[in-house]
Structure formats: structure tokens, C-alpha cells
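[1] I would like to see how this sequence folds:
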Amino acid sequence: MKKILASGLLFGLLMSAAAISDQPVTGMAAFSNLDQLWQYNGKVKTAMSSSTDPKGSNKDFMYFHGRYKGGNILAKIDGPGCVYRIWSARASGTIKVYLDGSGKPEISCPFKDYLKGRCPGLASEFSVGRTANYMPICFEKSVIITAPGFEIPAYYQVSYQTYDSSVKVSTFKKSAALSGPDYQAAKAAWANPGPQMPAGIERAESTGKPGELSLVIKGAGVIRKLAIKNIDNPSDPLAGYQLKIFWDDSDQAAVDVPLNAFFLNQFDLKDKWPAGSLKNFFVSAGKDGYSATFPMPFATGAKIIVSGPGGKNIQIAAFREKRDSLPMNAMRFHALYKSKEFPENEKRENIISFLTPVSPDHNWVALDESGRGNYLGCALFVKSVGTVWWGEGDEMDWIDGSASPQIQGTGTEDEFNWSWGYNPHMSAVSGTLPVIPPCDETIVAQVVPQLRNKECQKIRGENIAYRFRPSDYVPFEKSIKVSYEILGNSFLAPHLLGNMSQQRGDDYASVAYWYEMQ
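    Predicted coordinates:
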């Protein structure tokens, strides 16, 4: 009975969000009202405050934004707005959150406990990775976040949204943090990611073995779930197949992505995730096949095509909520795949010091798009060379042609809610999965390059990471550029001395997901 009630509550909130199309959804409601992602309103800006080195080097662990009441400032933001994510690689001291000019912190808790969801009276459900806390902290006028006692190396990120002055936001109160229908719906959404399939949802299906299989849907509606599998062997990764999706009789595919990459499974590691299969807010991959629960609206029709070698009994199933029409601000779902194999280029002349600024001209660009829309997130696939860490590069996102990135991180793993390299983790919003073959090498060899096992440098480790932004999605009015520095540790110099090499020969691929006005 509880599960049925939670499903009904989630769907009811989702439908109410669809009706209120001119206002952003804020706070806890953002996790269950996913229709806000495809309804553009022009009233939201997303940014991040972080410890990134303002001079552009890799010294991203000692920079703050002033001081307040004896503590270093992690973020100082004018409202109305909401903080949606706080992350740190090595939390220490006490996090304090001051709201709307109050001299008394509304939140005061050991920083490490806060990130792990262990503060009395605060929500515990939204702690992910190692470590980030997604508990929304909304404010009507302002927020100042400090961390007295936060010791260097002090890596941190604070992701937030600010809103147009016409948007009404209720300031966070600790006394109400664990109550209300929005909190209950958010808990249910995190515990069972993806929309429910209530009565009234229509199923459209196409099955066959040709080299190209299509499913055509007529009329207006929203696809709530897209499922694709080999009927005879549902766990088949369907390598070599391509997914294309067209909206509203357009001859330009909005989605044109390798099928396995779209479902976060380019390396077919779906059974290697901590739960034995992959599941998050928007993608599932496991022994029963693939499914995606991105809400995908269309006004006159949709065409879904799966093409590949042929000979396999493929099924495309789409679960569609019928509508008479879409609101004027309805965007369309898009996905873009990019890949590049970099040549081996581990040379001494390419080694840079820890303090050397790196030009963003060398970044891996996952998305560079002109238009108006909401960026939803990215999947990153890296075949890393050898056993030395490849992901020192920062995330850098430019919005609407700004001179500097509004979002700049402190390391690739940090963007995906981990730290100090990758370990397997999976949550509703993010996950990291490294699969690197073991290699015989002593600890001494990590410090003395002359003792390194050269065979370890030939290993290709397979790395998958994803991060979706149901609450901290990134709106853009004119353009967006999402990128990652290509920067890793060098085989030719010991990591402990802080030497890097900008290009090591790691191969990159990515899928960017976003909504855009037609």
C-alpha cells in the first residue's frame, strides 16, 4: 500500500508541475517534478562556487571567497535561489549556513557529517558519492556558507541556482526539513528513481530482425519510458547498434548516439556496478535490457530508429502519456555522442608542473551548442593508458558566451561526486566505474620511475562516469559549452612530486544530454 501511495504522489506532483509551466520548480520538489526540465522559462541561472585555482593551475585546494564570522567562505550568493549540491574531497571543520542576512547559522554541523547525511534534524537520504550532499537549501534573499576549521587541502564545490525576482522561494528552515509532501516525494524518487507507470499510459511497440527497426508514434504526448532489448537475449549489450530519435516530422535527428553509449554501457560493464546492474534517475541497464526515463515531449509525433548489423530480434517499446497539445515553452530532448582516440604522446617535453596553467583550448568538449535550452548532464567514457590516474582535469562550462566559465570544478572525479581517483559508486544522480586490469608493480616503483613495470603502461583501463542534473540543470539562453581538461599524471615522473602530462594517450568519448527549443 505504501508503494502505491508513493507512486500516486509522485505522478500527481509531476502532473501539477506540467500545468505550472511559467515558473521554475524549486527545493525538494525538483527531484520529483521532472517535467520542469523540458519547460523553458528564462528565470533560472545555474553556477558553482568552488576552490578552483583562479590562476588556472591545478592547485585547487586552498582558495576561498572571503571570510565571515571567523570562517572561510565557500559560497556567498544573493537570492532568491537554492543550493542543490555541496561536495568536498576532504571535509573537515564545521559547515555553517547563514540565510537571509541572519547572524545565526540555520545549519551548523561537522562538515564531514553533513556530507554523509549524519546531521541531526536534517535529511539523510541525499548523500552520494565520496562525498556530496544534494539536500536543497533555498533562500529568499541570500546565503553565506562557511567552514571554520576546514583544513588545507580544502577542495570544495557548491552548486546552486538563482532565480528571477518574480520567483517566490521559501527560505530553508531546519525545523521543517523533514516534513511536507515535497520531502516525502523526493525521498520516494531517490529510493526508486524514474517515473512510475500509472494507468492511462499507452505502450507502443515495434519488434523485428532487420538492419533498421523503427517505431512511429502519432499525435502529441510525452514519452515516459523508452525500453530496448534483444528479446532472445535481453542482456545483449547490442554493440554496433545506433539509436536515432526524430521529433515532430523533423528530418534532423535530435538523438543520434551509439545505443550502448546512450544507456551508459559503451564498455558493456553493466553487471560491474555495485548493485549488479545500473539504475539512476534516467537510465537502467541490466540483464533485462535497456531503459531510459528521460521525459521526452513531442507535439505531432515521434520516430525512434534502431539500426545495426541485423539478425537479432530487437524490441523497441515506448510508454507514452497522451496530450492534446504541449505548452509553448516545451523543448525537445537531445543527445550527442563524441569520441576521439588520442595518439600516444607521453614525452618529457609534454610534462608540466603542478602550478602550470593549462589552456582550455585543449579541453575535451562534450557539448558546444547554440540555442536556448536546459543542459541535463553527461556520460564520460575513458580508456586510460596504464595504471596512473588520468582525471586531473577540471570541468569547465561556459554559458551564453561568457568570458570565463560559470561552472569550473576541481578535478574530473569531483564533477562525478567522487574524489582521489575513481572507485565504483552508483546513485540516483551520479556514478563512477573504473575497470582496470591488475598489474604487478611495487609501491616503490610508484615513486621511482626507473623501477616502473613498462607493461603496466600498456594497459587500457575502462572508465565510465555519469552525472545527471535533475535539480541543478543548467539553462542557457544563447549557447552552452561543456568541457573537461585533458590532464593526467605522467608515467615519466613520479606522481607524488606533482608532475603532470597534458596528453597521455587516453581515449575519450562522451554523451551529452539536454533539452532545446525547436
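
[2] so is residue 182 in a helix, a strand, or just coil?
    The three-state label for residue 182, taken from DSSP: H, G, I helix; E, B strand; the rest coil, comes out as helix.

[3] and the gap between it and residue 133?
    From residue 182 across to residue 133, the span is 17 Å (Cβ to Cβ, to the nearest Å). For glycine as for every other residue, the C-beta is placed from the backbone atoms N, C-alpha and C.

[4] neighbour count winner among the two?
    For residue 182 versus residue 133, the count of surrounding residues by other Cβ atoms under 10 Å is larger for residue 133: 27 against 20.

[5] how much space between that one and residue 157?
    With Cβ to Cβ as the criterion, residue 133 and residue 157 are 11 Å apart.

[6] next one: residue 112
    16 Å.

[7] before we move on, what about residue 63?
    For residue 63, the distance to residue 157 - Cβ to Cβ - is 12 Å.

[8] ditto for residue 182
    In terms of Cβ to Cβ, residue 182 sits 24 Å off from residue 157.

[9] Pull stretch 135-151 out as PDB, backbone CA atoms only.
    The C-alpha coordinates for stretch 135-151 follow below in PDB (Å, rounded to 0.1, in the frame of the first residue of the first chain):
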ATOM      1  CA  MET A 135      19.800  18.400   0.200                       C
ATOM      2  CA  PRO A 136      18.300  21.600  -1.200                       C
ATOM      3  CA  ILE A 137      18.900  24.800   0.800                       C
ATOM      4  CA  CYS A 138      16.700  27.500  -0.600                       C
ATOM      5  CA  PHE A 139      16.900  31.200   0.400                       C
ATOM      6  CA  GLU A 140      14.800  34.300  -0.300                       C
ATOM      7  CA  LYS A 141      17.500  36.900   0.000                       C
ATOM      8  CA  SER A 142      21.000  35.500   0.500                       C
ATOM      9  CA  VAL A 143      23.100  32.600   1.700                       C
ATOM     10  CA  ILE A 144      26.700  32.500   3.100                       C
ATOM     11  CA  ILE A 145      28.300  29.100   3.600                       C
ATOM     12  CA  THR A 146      31.400  29.000   5.800                       C
ATOM     13  CA  ALA A 147      33.600  26.100   7.100                       C
ATOM     14  CA  PRO A 148      35.600  27.100  10.200                       C
ATOM     15  CA  GLY A 149      38.300  24.600  10.800                       C
ATOM     16  CA  PHE A 150      38.300  23.400   7.200                       C
ATOM     17  CA  GLU A 151      42.000  22.500   6.700                       C
END
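
[10] Show me which residues of that stretch are buried.
    By neighbour count on 16 or more other Cβ atoms under 10 Å, the buried set for stretch 135-151 is 135-140, 142-148, 150.

[11] ditto for stretch 153-170
    Buried residues in stretch 153-170, counting neighbours by 16+ other Cβ under 10 Å, are found at 154-163, 167, 169.

[12] Could you dump the residues you listed into TSV and include distance to residue 229, secondary structure and pLDDT?
    As requested, the buried residues of stretch 153-170 are exported to TSV (distance: Cβ to Cβ, whole Å; DSSP: H, G, I helix; E, B strand; the rest coil; pLDDT from 0 to 100):
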residue	distance to residue 229	secondary structure	pLDDT
154	46	coil	96
155	41	coil	96
156	42	strand	98
157	37	strand	98
158	40	strand	98
159	35	strand	98
160	39	strand	98
161	37	strand	98
162	42	strand	98
163	41	strand	98
167	42	coil	95
169	43	coil	96
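
[13] Find the residues that touch each one of residue 133 and residue 157.
    85-87 (Cβ atoms under 8 Å, 6 or more residues apart in numbering).

[14] Now intersect these with the helices, please.
    Taking DSSP state H, every one of those sits outside helices.

[15] Just the buried ones among the residues you listed, please.
    85-87.

[16] Out of those residues, which comes closest to residue 286?
    Using Cβ to Cβ, residue 85 comes nearest to residue 286 of those, at 27.0 Å.

[17] circling back: could you dump the shared contacts of residue 133 and residue 157 to TSV with distance to residue 279 and pLDDT?
    Output for the shared contacts of residue 133 and residue 157, formatted as TSV (distance: Cβ to Cβ, whole Å; pLDDT from 0 to 100):
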residue	distance to residue 279	pLDDT
85	20	98
86	24	98
87	22	98
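
[18] Now compare the buried residues of stretch 135-151 and name the two farthest from each other.
    Of all pairs drawn from these, the widest gap by Cβ to Cβ lies between 140 and 150 and measures 26.7 Å.

[19] Pop the domain breakdown of this protein in here.
    Using automatic domain parsing, the domain ranges for the chain come out as 2-191, 202-239+266-279+286-330, 334-516.

[20] JSON lines for those domains, including distance to residue 249?
    Below are these laid out as JSON lines (distance: least, Cβ to Cβ, whole Å):
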{"stretch": "domain 2-191", "distance to residue 249": "19"}
{"stretch": "domain 202-239+266-279+286-330", "distance to residue 249": "6"}
{"stretch": "domain 334-516", "distance to residue 249": "17"}
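
[21] among these, which is nearest residue 257?
    Closest of the domains of the chain to residue 257 is domain 334-516, at 4.2 Å (criterion: Cβ to Cβ).

[22] Could you give the average pLDDT over that closest one?
    Across domain 334-516, pLDDT averages out at 90.

[23] What of stretch 278-293?
    Per-residue pLDDT values across stretch 278-293 average out to 96.

[24] Could I get the buried residue list for it?
    278-286, 289-293.

[25] quick revisit: which residues do residue 63 and residue 157 both contact?
    By Cβ under 8 Å, 6+ apart, the residues touching both residue 63 and residue 157 are residue 51.

[26] quick one on the thing from earlier: which among the buried residues of stretch 278-293 gets closest to residue 251?
    Nearest member of the buried residues of stretch 278-293 to residue 251, counting by Cβ to Cβ, is residue 292, at 22.9 Å.

[27] Pull the contacting residues for the closest one.
    Counting by Cβ under 8 Å, 6+ apart, residue 292 touches 225-227, 262-263, 282-284.

[28] can you tell me which two in the residues you listed are farthest apart?
    225 and 262 (14.1 Å).

[29] so where do the strands sit in the stretch 101-250 of the chain?
    For the stretch 101-250 of the chain, applying DSSP state E, counting those that start in this stretch gives strands covering 107-110, 127-128, 132-133, 137-139, 142-146, 156-163, 202-208, 212-218, 220-230, 242-247.

[30] As a markdown table, these with distance to residue 341 would be great.
    Listed next are those as a markdown table, based on distance: least, Cβ to Cβ, whole Å:
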| stretch | distance to residue 341 |
| --- | --- |
| strand 107-110 | 45 |
| strand 127-128 | 32 |
| strand 132-133 | 32 |
| strand 137-139 | 43 |
| strand 142-146 | 42 |
| strand 156-163 | 30 |
| strand 202-208 | 34 |
| strand 212-218 | 27 |
| strand 220-230 | 27 |
| strand 242-247 | 19 |
